[in-house]
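1. no sequence on hand, only this structure:
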């Protein structure tokens with residue numbers, strides 16, 4: 001009797017294990033089309049390994065607005081997806097960024113080297129979970145920076161080679177968690193640097209090729225002793 005019970009128990013365990021294995025195989029069969037769809041549009045995923053659970057970052061350098069609209073539902077099927085790179089995607093417009101509203105859990109967005117401007121910032125201002133936003137070599141101005149004032153969870157903000165002025169830093173200084181700020185090749189002056197003096201969270205400031213004085217840098221360093229200021233100048 002005991003042997004029969006043991007055999008029955010063992011049989012049940014084998015059935016459960018087989019079902020789990022079968023479910024995993026089904027999952028493996030379902031995920032390649034998601035990745036394949038992304039790659040069909042010239043995209044890539046990272047890490048690029050079997051299993052959609054692993055995918056955290058998707059890059060779409062050749063995407064258009066229509067492509068993005070098509071792919072957003074596929075991105076929603078990636079449970080650990082956090083970062084979207086549209087860097088160098090010259091066909092993405094401000095209007096196209098409106099499709100990102102369906103990715104409320106997005107943590108990183110790379111728009112470097114795109115034609116995005118202030119209207120695009122209006123379209124991403126609802127992505128309040130963003131922690132990293134890269135806008136280098138875009139058309140974003142002071143008004144665009146003002147539009148994203150509500151992104152209070154930002155840790156990294158890249159505004160290098162944009163037409164911003166000191167006025168933009170009046171908005172930037174309100175980001176309570178910002179740790180990394182890049183302002184290379186902008187019209188930032190000593191007044192802009194002075195606006196940052198109360199940003200206790202800031203850890204790295206990069207200001208290559210900007211019009212600042214050594215005294216302004218020293219003043220900021222005194223106010224924020226834990227801040228690393230990369231001026232790009234020889235000591």
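-> Cool, the structure landed. What you see is a predicted model; the values in this text were computed from it and never measured.
2. the bottom helix or strand of the protein by mean pLDDT?
-> helix 2-40 (a mean of 65; mean pLDDT, DSSP states H and E).
3. leaving out chain neighbours, which residue sits closest to the residue most central in space within the chain?
-> For the chain, residue 108 is the residue whose C-alpha lies nearest the centre (CA atoms, centre = their mean; 1.4 Å). Once flanking residues are discounted, residue 108 sits nearest to residue 83: 3.4 Å by CB to CB, 6 or more residues apart in numbering. Every C-beta, even on glycine, is put in place using the N, C-alpha and C of the backbone.
4. against residue 208, how distant is that neighbour?
-> Distance, residue 83 to residue 208, by CB to CB, to the nearest Å: 25 Å.
5. all strands of this structure, in order?
-> Along the chain, counting by DSSP state E, strands occupy 44-46, 57-59, 83-85, 108-110, 132-134, 156-158, 180-182, 204-206, 228-230.
6. what about the helices in the protein?
-> Listed in chain order, the helices of the chain (DSSP state H) span 2-40, 65-75, 118-124, 142-147, 166-172, 190-194, 214-223.
7. isn't residue 138 right up against residue 118?
-> No. Using CB atoms under 8 Å, residue 138 is not in contact with residue 118, being 9.7 Å away.
8. which one's more surrounded, the two?
-> More crowded of residue 138 and residue 118, by other CB atoms under 10 Å: residue 138, with 24 against 18.
9. could I get the contacting residues of that one?
-> By CB atoms under 8 Å, 6 or more residues apart in numbering, the residues touching residue 138 are 111, 112, 113, 114, 115, 116, 117, 120, 162.
10. and the gap between residue 40 and residue 77?
-> 15 Å.
11. so which of those two has more stuff around it?
-> residue 77 (14 against 11).
12. and that one, what pLDDT?
-> According to the prediction, residue 77 has pLDDT 90.
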